[in-house]
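In: next come a sequence and a model predicted from it.
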Amino acid sequence: MSERNSVRKGKDLKDLTLVVTGMSCGHCKKAVEEGVKRLAGVEEAVADLERGLLRVTFDPHKVSLAEIQGAVVEAGYGVQPAR
């Protein structure tokens, strides 16, 4: 898992990169992004279909890593920490 802290608009946000398995098309990308973006505390979720990565900017006081991973699994894809 790759993680970085940042401050935006007075918020203590973290940037996280996860490996998402099973994405093979634009619909997959959209399903993953929208599933994660629905979580309270997620500011941004951008999937890279070619590299199989998901970059998430979130407020760790409002949403946990487990909840983010759960949203990816609920969308129908595998997820693991990036190296």
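Out: Received the coordinates, thanks.
In: every contact and neighbour count from this point should use C-alpha atoms.
Out: OK.
In: tell me which stretches of the protein form helices.
Out: Taking DSSP state H to define them, one finds helices in the chain at 26-37, 65-74.
In: which one of these is the most hemmed in?
Out: helix 26-37 (a mean of 18; mean count of other Cα atoms under 10 Å).
In: who are the packing partners of that helix?
Out: Helices and strands touching helix 26-37, by 3 or more Cα pairs under 8 Å, 6 or more residues apart in numbering; DSSP states H and E, are strand 42-48, helix 65-74.
In: pairing partners for the shortest one, with directions?
Out: Spelled out, that is strand 42-48. In the sheet, strand 42-48 lines up against strand 53-58 (antiparallel) (DSSP bridges).
In: residue ranges with poor pLDDT in this structure?
Out: Scanning the chain with the threshold set as pLDDT under 70 gives 1-10.
In: the residue most central in space within the chain bridge partners, please.
Out: Centroid-nearest residue in the chain: Val56, 3.9 Å away (criterion: Cα atoms, centre = their mean). Going by DSSP bridges, Val56 is paired in beta bridges with Leu16, Ala45.
In: circling back to that earlier point, need the helices and strands packed on helix 26-37 in a markdown table (columns: distance to Lys29).
Out: Listed next are the helices and strands packed on helix 26-37 as a markdown table, based on distance: least, Cα to Cα, whole Å:
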| stretch | distance to Lys29 |
| --- | --- |
| strand 42-48 | 6 |
| helix 65-74 | 10 |
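In: right, and the ones you listed - which one's nearest Gly22?
Out: Minimum separation from Gly22 across these (Cα to Cα) falls at helix 65-74, 10.4 Å.
In: OK, contacts around Val79?
Out: If you count contacts by Cα atoms under 8 Å, 6 or more residues apart in numbering, Val79 has them with 18-21, 69, 72-73.
In: go again using 10 Å as the cut-off
Out: Residues near Val79 by Cα atoms under 10 Å, 6 or more residues apart in numbering: 18-22, 52-54, 68-73.
In: one step back: output the helices of the chain in JSON lines; the columns should cover distance to Asp48.
Out: Formatted as JSON lines, those follow (distance: least, Cα to Cα, whole Å):
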{"stretch": "helix 26-37", "distance to Asp48": "7"}
{"stretch": "helix 65-74", "distance to Asp48": "14"}
